[in-house]
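Colleague: can you look at this prediction? I've put the sequence above it.
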Amino acid sequence: MSQTEICEKIILGYFSVRAYVDHLKLLLEYKQIPYTFQSCQKEQLDDGSWQGGLWYQEWRHNLNLDFPNMPFYIEKYSDGSQFSMTESMAILRHLGRKYSLYGDGSIQHMAKVDMLVDVAVELRLIFVNLTYFGDVEKEKSDYFKKTGDKFSRFETFMVNHGADWVCGHRITIADFILWTVLDYNVTLYPDILDPYPNLRAVKSRMESVTQVAEYLNSERFSRFPINSPYANWGGQKK
């Protein structure tokens, strides 16, 4: 593929839930990059188990992916070639490099951005463990303790760095994954960010960006479902 070839189409594929694709859609919407979102539903089998629908039946076999998985990301070029990849965080980092969303570009700053991305992913894992396997009413207090340490450290990090965004005065890929994780948490527990004014502020700042606000109020965005249909919470349309 020549560096001069024009990317004519971007395809982003995932199940019809927010889960591990929401931050990627948010980034593309922020950059106003046209893309096609190709989604499918998980299907429940007669034995009660769940299967990936079109993904399981067709897409994983015919999309020519090196490591078939969801989400997948494909760039189609004017010469008929294409670039494709999978893995949610790898796609996020690719988009960060492609669209200059890695801060000031220094090795040290990019390392900090990557660190914050990984901490946000850890927060998402805590959310997944509760909402798939736990009781969101009985375990609320324990959940606040588990997330509170990382939320507090985000607060301190932002204070120490004088940040408009989570890693300085420039928006980075860390802001997109963090906003998604914060939104999942606020949707579950509306009061969870009350002790964290900087996190509330950076979440609101993202939502006030013109193109993001338009996206969040469009039919392209739906607050539910967040999780797969077999999760204990967040797997149904509301």
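Modeller: Looks like it arrived, so ask away.
Colleague: hang on, isn't residue 175 packed against residue 165?
Modeller: Yes: between residue 175 and residue 165 there is a contact under Cβ atoms under 8 Å: 5.1 Å. For every residue, glycine as well, the C-beta is placed using N, CA and C.
Colleague: so those two - more neighbours on which side?
Modeller: Taking neighbours as other Cβ atoms under 10 Å, residue 175 and residue 165 compare with residue 175 leading, 28 against 18.
Colleague: would you agree that one falls within a strand?
Modeller: No: counting by DSSP: H, G, I helix; E, B strand; the rest coil, residue 175 falls outside a strand, being helix.
Colleague: contact partners for it?
Modeller: Contacts here follow Cβ atoms under 8 Å, 6 or more residues apart in numbering; on that basis residue 175 touches 165, 166, 167, 202, 206.
Colleague: who touches the top strand by length along the chain?
Modeller: In the chain, taking DSSP state E as the definition, the longest strand is strand 7-15. Residues outside strand 7-15 that contact it (Cβ under 8 Å, 6+ apart) are 20-21, 24-25, 28, 33-42, 52-53, 55, 59, 63, 70-78, 228.
Colleague: go through the helix or strand following it and flag the buried ones.
Modeller: Along the chain past strand 7-15, the next helix or strand (assigned with DSSP states H and E) turns out to be helix 22-30. Of the residues in helix 22-30, 22, 23, 24, 25, 26, 27, 28, 29, 30 count as buried by neighbour count, 16 or more other Cβ atoms under 10 Å.
Colleague: tell me which of the contacts of residue 175 fall in strands.
Modeller: In strands, judged by DSSP E, none of those are found.
Colleague: just the buried residues of the contacts of strand 7-15.
Modeller: Buried, going by 16+ other Cβ under 10 Å: 20-21, 24-25, 28, 35, 37-40, 42, 52-53, 55, 59, 63, 70-77, 228, out of the contacts of strand 7-15.
Colleague: in helices, which of those residues appear?
Modeller: Secondary structure defined by DSSP state H assigns 24, 25, 28 of those to helices.
Colleague: rewinding a little: of all the buried residues of helix 22-30, which comes closest to residue 232?
Modeller: Closest to residue 232 out of the buried residues of helix 22-30 is residue 22 (19.4 Å), distances taken as Cβ to Cβ.
Colleague: what's the spacing between that closest one and residue 65?
Modeller: Applying Cβ to Cβ, to the nearest Å, the value for residue 22 to residue 65 is 21 Å.
Colleague: and for residue 237?
Modeller: Computed as Cβ to Cβ, the residue 237 to residue 65 distance reads 28 Å.
Colleague: next: residue 11.
Modeller: Distance from residue 11 to residue 65, counting by Cβ to Cβ: 12 Å.
Colleague: let me know the average pLDDT across stretch 174-191.
Modeller: Model confidence over stretch 174-191, given as mean pLDDT, is 98.
Colleague: same question but for stretch 25-37, I mixed them up
Modeller: So the average pLDDT for stretch 25-37 ends up being 97.
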